[in-house]
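J.: quick one, fold the following:
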Amino acid sequence: MTAFEVLALAKAEGMVLTLNGELLTWKADHLPPHELLTEMRSHRQEIIESLAATEQAWLADVARLLACSPAYLISFNFIDRYDLSEQYDTLPAFAAHLILSHPRWPPPQELKRLALKPYKNEPQYLHRSTTIADPQWCQAHDLYIGHLMSCRSCHAPTNRYCTTGAELRDQYNAAS
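T.: This next block holds a predicted model:
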């Protein structure tokens, strides 16, 4: 039996495995089978390495979602070793959402400075929206779309328009 199989059996038995440094402990609401405990003892080091890697990967995912480092989360007690051992198999987005709702959560100061610094060689894109659009274009757009939604003769994907729809389309294209 491999360490992965032992972990899967332990989870199926309702056991919660926790790490405290190099100490592997378990909790369960009933005594697990003797064979499982024997397998856990024989694969102890592999189980510890597997749990540690899984916990660190989960912590890194949570930190990435929060745009900070894992060390920041640990040092300011947003995540502790109990969270790592109990929550590593949940979605990191749930933990990140919970941390963001914490009243003591300030984004790291270094990240604020980095976010405000402009990036070199980054292309600048122009986004047009109705908040900055010309009022004449907005009116032509609204009339054209409103007509398309109500007219059974007009069908924009096939470029089929009634006379009113064709006029409104031409006005809209001219306003662009």
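
J.: any residues touching the helix or strand harbouring R64, and which ones?
T.: Counting by DSSP states H and E, the element that carries R64 is helix 44-66. Helix 44-66 has contacts (C-beta atoms under 8 Å, 6 or more residues apart in numbering) with 2-4, 6-7, 17, 19, 22, 24, 40, 69-70, 72-74, 79, 84-85, 87-89, 92-93, 95-96, 99-100, 107. Yep, even glycine has a C-beta here, placed from its N, CA and C like the rest.

J.: do you know how far Q45 is from L51?
T.: From Q45 across to L51, the span is 11 Å (C-beta to C-beta, to the nearest Å).

J.: neighbour count for those two, which is higher?
T.: L51 (19 against 11; other C-beta atoms under 10 Å).

J.: these two touch, right, W26 and A10?
T.: Yes. Using C-beta atoms under 8 Å, W26 is in contact with A10, at 7.0 Å.

J.: mutual contacts of the two, please.
T.: The contact sets of W26 and A10 overlap at L17, P32, M40 (C-beta under 8 Å, 6+ apart).

J.: let me see the ranges of the helices in the chain.
T.: In the chain, the helices defined using DSSP state H lie at 3-12, 34-42, 44-66, 70-75, 81-87, 92-100, 109-116, 135-150, 163-175.
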